[in-house]
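Chemist: give me the fold of what follows.
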Amino acid sequence: MTSAASNAPAGTERPASQGRKRPPLHGPPPHEPGLLQEIGGGFLGISSSLGAMGILGYQIGRRLLSLDFDRGELLKNLYKMGVKSVPIVIITALFTGAIVVIQAAPLVVQLGAHGLLGWGAGFSILREIAPLLTALMINGRVGANNTAELGTMVVTEQIDALRVLAIDPVSFLIAPRFLAMVITLFLSTIFADALALLGAAYGGFALLNVDPKTFYNSLTGSDLLGVADVTSGLVKSIVFGAVMGLSSCQYGLDVKGGAPGVGRAVNATVVASAAGIFVLDYFVSFTLD
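Modeler: Below is the predicted model:
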C-alpha cells in the first residue's frame, strides 16, 4: 500500500516535523501546594514582613533620634490622623463605657456591689478596653489610609521621583507619618479613657441607679486602682501606635502590581496590625503586671 506522502508531487513533501505528534493543548493540571507547603509559605511570608519592618524601624529610629524629619509633614499628618479621628473615638469610647456597665450589671446586682462599680469599670477600661478598641478603630481608619497613600505613591512612581530629587523618602514621608501615628494613638487613648468613664458613669446611673458621684468616688477613692493602671494602658497605646505605623508604612512601600496591589496591601495592613496589636497586648500585659 502506497502512502499519501509518497504520492505527493516532488517539492510538496511535508517537513518531517509536521508528521510528529503534537503535544496536547491542555497539559496536566498545575501542582497545587499541600497544607504543609501553605503553612510553610505563610511563615516565610510573615518572617519576611517582620524582617522588612525591623529594617524600616531602624531607619525611622535613626531619623527621629537625629531630628532628621519634615516638621511640616508631621503637623499635616497629626491633623489628618488625629483631629479627623475625634468623632469615631467619641462614639466608640462612650458606647464602650456603657457596654462595660451592661456586662457587669448582673454581677453587681447579685453581689450588691454598687459601690464598686466605678472601680470595676475603671480597671477594665483604663488597663485594657480603651487602649485596645481605640487602636483597632484607628487602625481601620488611619493605618489603612496611610498604606493606600504610600502604595499609590509607589505605583505612580512618586517615591522614585523623590529619590531622583535627592529627597530621602524616609525623612520626608515615613518618619513623620510614623511619629504622627504614635502621638495620635497616645492622645486618643487619653481622650477615650475619659469618655469611656463618662459613658460608664451615666450608663450605671441609667441601668443600676448608681449616682455618677458614687461612681467616681469608687474610681478615685479606692486603693485598688492606682497610677500604674493608667500608665499601663498608655504604654500599650504607644506600642500599638508603633505597630500600626511600621506595618502600614512597610506594606505601603512594598506595593507591587498596580491598583490591585494597593488593595491587597491595605487588606494586609489591617490584618497584620490587628494581629500584632493582640500579640503585643499579651506580652505588654504580662510584663507590666
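
Chemist: any low-confidence regions in the protein?
Modeler: For the chain, the stretches with pLDDT under 70 are 1-31, 222.

Chemist: any chance you could map the helices in it?
Modeler: When assigned using DSSP state H, the helices of the chain occupy the ranges 4-7, 35-65, 71-81, 86-111, 117-124, 130-138, 144-155, 158-164, 169, 175-208, 212-220, 227-253, 258-288.

Chemist: how far off centre is the last one?
Modeler: How far helix 258-288 lies from its chain's middle: 4 Å, per C-alpha atoms, centre = their mean, to the nearest Å.

Chemist: tell me which residues of it come out buried.
Modeler: Of the residues in helix 258-288, those buried under the neighbour-count criterion (16 or more other C-beta atoms under 10 Å) are 262, 265-266, 268-270, 272-274, 276-277, 280-281, 284. (Glycine included, C-beta is placed from N, CA and C.)

Chemist: and the longest one, by the same measure?
Modeler: If you call a residue buried by 16+ other C-beta under 10 Å, then helix 175-208 has these buried ones: 175-193, 195-205, 207-208.

Chemist: and that helix, how far from the chain's centre?
Modeler: With C-alpha atoms, centre = their mean as the basis, the mean position of helix 175-208 lies at 18 Å from the chain mean.

Chemist: so the nearest residue to residue 95 once chain neighbours are set aside versus residue 97, what's the distance?
Modeler: Here the nearest residue to residue 95 in space, its sequence neighbours aside, is residue 199; by C-beta to C-beta, 6 or more residues apart in numbering that works out to 6.5 Å. When distances are taken as C-beta to C-beta, to the nearest Å, residue 199 and residue 97 turn out to be 3 Å apart.

Chemist: again with residue 243
Modeler: 25 Å.

Chemist: from the chain's centre, how far out does stretch 276-289 sit?
Modeler: In terms of C-alpha atoms, centre = their mean, the centre of stretch 276-289 is set 16 Å apart from its chain centre.

Chemist: list of residues touching it?
Modeler: For stretch 276-289, the surrounding residues in contact (C-beta atoms under 8 Å, 6 or more residues apart in numbering) are 127-128, 132, 135-136, 139, 228, 232, 235-236, 239-240, 243-244, 247.

Chemist: hmm, try it at 10 Å
Modeler: Residues outside stretch 276-289 that contact it (C-beta atoms under 10 Å, 6 or more residues apart in numbering) are 50, 53, 127-128, 131-132, 135-136, 139, 228-229, 231-233, 235-236, 238-244, 246-247.

Chemist: next up, the contacts around residue 117.
Modeler: Residues in contact with residue 117 (C-beta under 10 Å, 6+ apart) are 100-101, 104-105, 108, 200-201, 203-205, 207-208, 210, 214-215, 218-219.

Chemist: repeat that with 6 Å
Modeler: Residue 117 sits next to 108, 204, 210, 215 when contact means C-beta atoms under 6 Å, 6 or more residues apart in numbering.

Chemist: again, but for residue 130
Modeler: Contacts here follow C-beta under 6 Å, 6+ apart; on that basis residue 130 touches 192, 193, 196.

Chemist: closest one of those to residue 73?
Modeler: residue 192 (25.8 Å; C-beta to C-beta).

Chemist: got the contact list for the closest one?
Modeler: Residue 192 sits next to 89, 93, 130, 134 when contact means C-beta under 6 Å, 6+ apart.

Chemist: change it to 7 Å
Modeler: Contact partners of residue 192, counting by C-beta atoms under 7 Å, 6 or more residues apart in numbering, are 89, 92, 93, 130, 134.

Chemist: same thing with residue 252?
Modeler: Contact analysis of residue 252 by C-beta under 7 Å, 6+ apart lists 146, 147, 149, 150, 151, 265.

Chemist: so what's the first one closest to, chain neighbours aside?
Modeler: Read that as residue 146. The shortest distance from residue 146 to any residue other than its chain neighbours is 4.2 Å, reached at residue 248 (C-beta to C-beta, 6+ apart).

Chemist: alright, I will stop here.
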